[in-house]
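Undergrad: Quick one, what's the 3D model for this:
(2 chains)
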There are 2 protein chains.
Amino acid sequence: MIQVAEALNIIAENISKMPIVKIKVSKSLGYVLAEAVYSPIHMPPFRQSAMDGYAFTHSDLKQFEVVNTSQAGDFLDEKIEKNQAVRIFTGAFVPDDTDTVVMQEHTRRTDHLLQIEKMPVAGANVREKGEQIKKGELVFDAGTVISPAAVGFLACLGITKIKVYDKPKVAILVTGNELVPAGKKLPKGKIYESNSLMIEAALKTVGIKKTSIFKVKDSLKKTILSVESCLANFDVVLISGGISVGDYDYVKEALLKNGVTELFYKINQKPGKPLFFGTKENKIVFALPGNPASSLTCFYVYTLPALKKLMGFDIIYLQEIKRKINTPFKNTSGKTLFLKALYDDDNVTVLESQSSAMLNTFAVANGLIVVPHYVTAIEAQEEVVILPFN
Amino acid sequence: MIQVAEALNIIAENISKMPIVKIKVSKSLGYVLAEAVYSPIHMPPFRQSAMDGYAFTHSDLKQFEVVNTSQAGDFLDEKIEKNQAVRIFTGAFVPDDTDTVVMQEHTRRTDHLLQIEKMPVAGANVREKGEQIKKGELVFDAGTVISPAAVGFLACLGITKIKVYDKPKVAILVTGNELVPAGKKLPKGKIYESNSLMIEAALKTVGIKKTSIFKVKDSLKKTILSVESCLANFDVVLISGGISVGDYDYVKEALLKNGVTELFYKINQKPGKPLFFGTKENKIVFALPGNPASSLTCFYVYTLPALKKLMGFDIIYLQEIKRKINTPFKNTSGKTLFLKALYDDDNVTVLESQSSAMLNTFAVANGLIVVPHYVTAIEAQEEVVILPFN
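TA: Purely as a prediction, here's the structure:
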């Protein structure tokens, strides 16, 4: 049995990034750039008006003849004399012979005659070519997580495809004779299966949608076959249940029979002690405890960082925040505790019903308080570390 | 021209929730419950063992005959005598005649003979029927946002469908003769269109995937027709560009001609002054500025809360956090400023290049500092309000 920190290290050290794939910028939200991107163009690609007004050459003159119009999208190639001006709009091409744009609010116009009433400084209201970025300059470094703004910036440079780390395909394998699908009648002794949908939803929160759910009865032979098929077709296999010490917990044996290397099994924590982590070549396996709350705790603390590492993220762990605990807390277990909790801007409250079978507490919690195994007592108002969901 | 707070109020007051729809629990992540959910069953549905061990009736006896096995999923209906015990596993049915489960680690077994070496208290390791929730009890109140844990909890109660507020279908209408789709050659005077993909990505961050992108040239007639079609087929119409004061900005006229009621136009802020918000019956229209950074600022500050109100969220605004600003800042504009910024646990830095045309700053920022219009100067180390992205 190992400590939490050791388990996290083992995960980080044994996972490599997914293969690099080229995808459309329009589908790239949440992916991580696998190589630096450089600009294929100057942006803006030409001298651009920052205002609706008139373009002219700055001099002592204050009166101009308006000879043409440059609407956004136009390209004016004709000669503009010093005593001439061009009606211009925001984003439009500033003719080469002109150097300044005056806001229309600072002018008076009569037919073709323009009078500038408040003269701007030379060069005013003109966005220089390449002012935002020049051709060949770095757009984003490798490791950048694609945000909506990043999508917009890449698109405005005319970039349609980028190289990113692929997202893993994940198999969710649920074990247990006691499980009945929701919607069916519940025979005595059985319960509704819920971990698969819960884990599938948790995967969606990190943008993983390529998931498949499989179910297997408590039989060693069938479990071996199911694990084999999952390993063959998926990058990550998440198994729910069957990893405890019961006579019918066949998961560990089925994993080892399939050539999965055990990297750890059992962590000195509560809930979620019987967590198994292993790899087979570049395939990753977590066998999560069957109790829903334990399962989800292990998912957030261990599986989610593993998935982020796979997807190329630099920051893989849940962000830690600190809050003052409202009531004192004793830890007589010698284990690291992950306590379902509700925090606000200043304080945090440990929720009732921390049992590993109880999911309702999890559903109202917004984070987990981490009580390290070596801490035996926390005073009221002491600062504690929280792993916030989301 | 109105102030920011007034604009936010107008939005909140003029938007109702979307119609209620019944959807599968498996697809409900991120939706908001439209009505309270009550449990159709007791959970656990029967007395359940919390351990791998032996079930027996607590008495003075310490030796038992093991007469049967209760594996998870089994239902044992036979009589168990006081001197008999049943091998039992975590999650399994505890036979009606027994009341206590002893951990297997606290027993010694020889063939059918069981010796309890460390006697638990009566009732130990048995999860009572309905311990987590009883039939008819409240599962979640209306207004609950469905998290992965909530998906799991609903599923474990056998609930397959829930009533939620629908998500809006959103049309993104992009205007401007200057716009060329990425991937094409860029003629002089033109720029690549990027706002549509950026807004589409921003919509995905709040779980809105039913989006369609339309493009229209700078023509009043064509803009009127495009707006008409969008209003007919979508719940929300987001228009990019064409809302400034330029001669070719036809959007406002096209909206009014289509019977859209103007609720505000122009806000005393920078960037994003020329924002238009209107409604037509239950349809909602935002005409966002064409400059990418202005457009995205308006999206985060105004459109996103509007969408959350539609989707039934109680908390619709970006959460505000406070950090100490690293350098002093002057606001001589008399406008509310939204400054692209990078914050950490303690401090926040205003990024360079705040121009409304510049999206690269937005892509590296993790939030917007809000400087209210009536604040003229901020000292270094003064606390400022930040709207964090995500």
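
Undergrad: how far out from the middle of the chain is stretch A:204-217?
TA: 17 Å (Cα atoms, centre = their mean, to the nearest Å).

Undergrad: swap that for stretch A:141-161, sorry
TA: Distance of stretch A:141-161 from its chain centroid, counting by Cα atoms, centre = their mean, is 14 Å.

Undergrad: what does stretch A:214-221 give?
TA: How far stretch A:214-221 lies from its chain's middle: 33 Å, per Cα atoms, centre = their mean.

Undergrad: Show residues contacting that stretch.
TA: By Cβ atoms under 8 Å, 6 or more residues apart in numbering or on different chains, the residues outside stretch A:214-221 that reach it are A:171-177, A:179, A:193, A:196, A:222-223, A:226, A:229-230, A:242, A:248-250, A:253-254, B:71-73. All C-beta atoms are positioned from the backbone trio N, CA, C, and that covers glycine.

Undergrad: Of those residues, select the buried ones using a PyMOL command.
TA: Restricted to buried positions by 16 or more other Cβ atoms under 10 Å in any protein chain shown, the PyMOL selection for these reads:
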select buried, (chain A and resi 171+172+173+174+175+176+177+179+193+196+223+226+229+230+242+248+249+250+254) or (chain B and resi 71+72+73)
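
Undergrad: the domain parsing of chain A - what is it?
TA: Residue ranges for the domains of chain A, per automatic domain parsing: A:4-18+A:167-310, A:26-42+A:133-165, A:48-127, A:321-388.

Undergrad: Of all those, which one comes closest to B:Ala155?
TA: The closest approach between B:Ala155 and any of the domains of chain A, judged by Cβ to Cβ, belongs to domain A:4-18+A:167-310 at 3.6 Å.

Undergrad: how about A:Lys215, phi and psi?
TA: Torsion angles at A:Lys215 (phi, psi; degrees, to the nearest 10) stand at phi -130, psi 140.

Undergrad: Read off the pLDDT value for it.
TA: With respect to pLDDT, A:Lys215 scores 96.

Undergrad: Could you do A:Gly290 as well?
TA: pLDDT recorded at A:Gly290 is 89.

Undergrad: What about it, how many residues nearby?
TA: Using other Cβ atoms under 10 Å in any protein chain shown, A:Gly290 is surrounded by 28 other residues.

Undergrad: How about A:Phe389?
TA: 17.

Undergrad: Okay, buried residues for the one helix or strand A:Val384 maps to please.
TA: Assigned by DSSP states H and E, A:Val384 belongs to strand A:383-388. When burial is assessed from 16+ other Cβ under 10 Å, strand A:383-388 yields the following buried residues: A:Val384, A:Ile386, A:Leu387, A:Pro388.

Undergrad: so which of the domains of chain A comes closest to B:Ala201?
TA: Closest among those, using Cβ to Cβ: domain A:26-42+A:133-165, at 4.0 Å.

Undergrad: what residue ranges in the stretch 151-300 of chain A score low on pLDDT?
TA: By pLDDT under 70, the low-scoring segments of the stretch 151-300 of chain A are A:245, A:247.

Undergrad: quick one, strands of it?
TA: Assigned by DSSP state E, counting those that start in this stretch, the stretch 151-300 of chain A shows strands spanning A:161-165, A:170-175, A:179-180, A:191-192, A:211-216, A:236-240, A:261-265, A:269-270, A:276-280, A:283-288.

Undergrad: coming back round to it: quick one: which of the buried residues of strand A:383-388 is nearest to chain B?
TA: Each of those was scored against chain B by Cβ to the nearest Cβ, and A:Pro388 proved nearest at 11.3 Å.

Undergrad: so who does A:Ser70 touch?
TA: Shown in contact with A:Ser70 (Cβ under 8 Å, 6+ apart): A:Ser49, A:Ala55, A:Leu76, A:Val86, A:Arg87, A:Ile88, A:Phe89, A:Ala92, A:Phe93, A:Val94, A:Pro95, B:Gly189.

Undergrad: the helices in chain A, which residues?
TA: Under the criterion DSSP state H, helices of chain A are mapped to A:4-13, A:148-156, A:195-204, A:220-233, A:251-257, A:292-298, A:304-310, A:360-364.

Undergrad: count of residues packed around A:Val206?
TA: Number of residues near A:Val206 (other Cβ under 10 Å) recorded here: 14.

Undergrad: That one contacts A:Lys309, doesn't it?
TA: No - A:Val206 is beyond contact range of A:Lys309, at 11.5 Å (criterion: Cβ atoms under 8 Å).

Undergrad: where's the residue nearest to A:Lys134 when sequence neighbours are not counted relative to A:Arg127, distance?
TA: Spatially, and ignoring its direct neighbours in sequence, A:Lys134 is nearest to A:His42 (5.5 Å; Cβ to Cβ, 6 or more residues apart in numbering or on different chains). Per Cβ to Cβ, to the nearest Å, A:His42 is found 11 Å from A:Arg127.

Undergrad: between the two, who's got more neighbours?
TA: Set A:His42 next to A:Arg127 and count neighbours by other Cβ under 10 Å: A:Arg127 wins out with 21 against 18.

Undergrad: Next up, the contacts around that one.
TA: By Cβ under 8 Å, 6+ apart, the residues touching A:Arg127 are A:Pro44, A:Arg47, A:Gln48, A:Ser49, A:Ala50, B:Ser355, B:Ala357.

Undergrad: please redo it, this time with the cut-off set to 7 Å
TA: Residues counted as contacts of A:Arg127 (Cβ atoms under 7 Å, 6 or more residues apart in numbering or on different chains) are A:Pro44, A:Arg47, A:Gln48, A:Ala50, B:Ala357.

Undergrad: Report the spatially nearest residue to the first one, omitting neighbours in sequence.
TA: Going back to what we said before, that points to A:Pro44. If the residues on either side of it in the chain are set aside, A:Pro44 comes closest to A:Arg127, at 5.5 Å by Cβ to Cβ, 6+ apart.
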